[in-house]
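Asker: Okay, here's the prediction I keep looking at, along with the sequence it came from:
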Amino acid sequence: AMAVSSMGDWDRDPVQMAQWAVEHGYWAKGGGSYLSIIEGTATAYGLTASSLVERTPQAVRETLLSGNLLVALMGPGHFTQGGHFILLRGVTLSGMILVADPNSEERSLMEWDPQLILDELSASTASGAPLWVLSLADSLHAFPLCLDISPSGWCPGFYDRAIFRPPAFDLKSCQAPQAA
């Protein structure tokens, strides 16, 4: 629900998306959801989902700074004892990662070292796991959900729209692009 609502003009809540997942065969009785839910949901909502092959802190930062979200299947560690999906939603000026964890507002408000996130990814590689890039299809237009951010990257309206996507800025100089 967070990814779909943040990447387009869809207003979906977790209950609606859970029902959609059941109706489309992505619910695994007793086990949450099948990993194919990521690509299937993306396709159904006009998004693209692809596996992030280069799993380095720099690749994660660059992917987020280019306006995409990342869906991460986490293994045991800070986010879960089993398996759990979170969204990587932004990068702070210091290079830390901002997440949206549907199970924890507290973790969603923290800044995370990208290497820690990479170290705690699930070992699964089925259906593009454990790290997918979500991007808008060519026919859709990206829009920043919050332009008024603090130096730490905090978006005051974060919980109003679930996800913060920072405006693009030059990774080398850490400067926002100049208006044309």
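Answerer: Arrived safely. Numbers count the residues shown, from 1 in each chain.

Asker: alpha carbons only for contacts and neighbour counts from here, please
Answerer: Fine.

Asker: so after the strand ranked longest in the chain, what's the next helix or strand?
Answerer: Determined from DSSP state E, the single longest strand within the chain is strand 84-91. Downstream of strand 84-91, the next assigned helix or strand under DSSP states H and E is strand 97-100.

Asker: ok, back up a step: now the longest strand of the chain, how far from the centre of its chain.
Answerer: Here strand 84-91 is found 4 Å from its chain centre; the criterion is C-alpha atoms, centre = their mean, to the nearest Å.

Asker: What strands line up against that strand, and which way round?
Answerer: Its sheet considered, strand 84-91 pairs with strand 69-74 (antiparallel), strand 97-100 (antiparallel) by DSSP bridges.

Asker: Reformat those strands as a markdown table; add mean neighbour count and distance to residue 51.
Answerer: Formatted as a markdown table, the strands paired with strand 84-91 follow (neighbours: other C-alpha atoms under 10 Å; distance: least, C-alpha to C-alpha, whole Å):
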| stretch | mean neighbour count | distance to residue 51 |
| --- | --- | --- |
| strand 69-74 | 25 | 9 |
| strand 97-100 | 26 | 18 |
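
Asker: can I get these in a markdown table with mean pLDDT and distance to residue 19?
Answerer: Formatted as a markdown table, the strands paired with strand 84-91 follow (pLDDT from 0 to 100; distance: least, C-alpha to C-alpha, whole Å):
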| stretch | mean pLDDT | distance to residue 19 |
| --- | --- | --- |
| strand 69-74 | 97 | 20 |
| strand 97-100 | 96 | 21 |
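
Asker: Please dump these into CSV; it should also carry distance to residue 81 for every row.
Answerer: Output for those, formatted as CSV (distance: least, C-alpha to C-alpha, whole Å):
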stretch, distance to residue 81
strand 69-74, 9
strand 97-100, 17
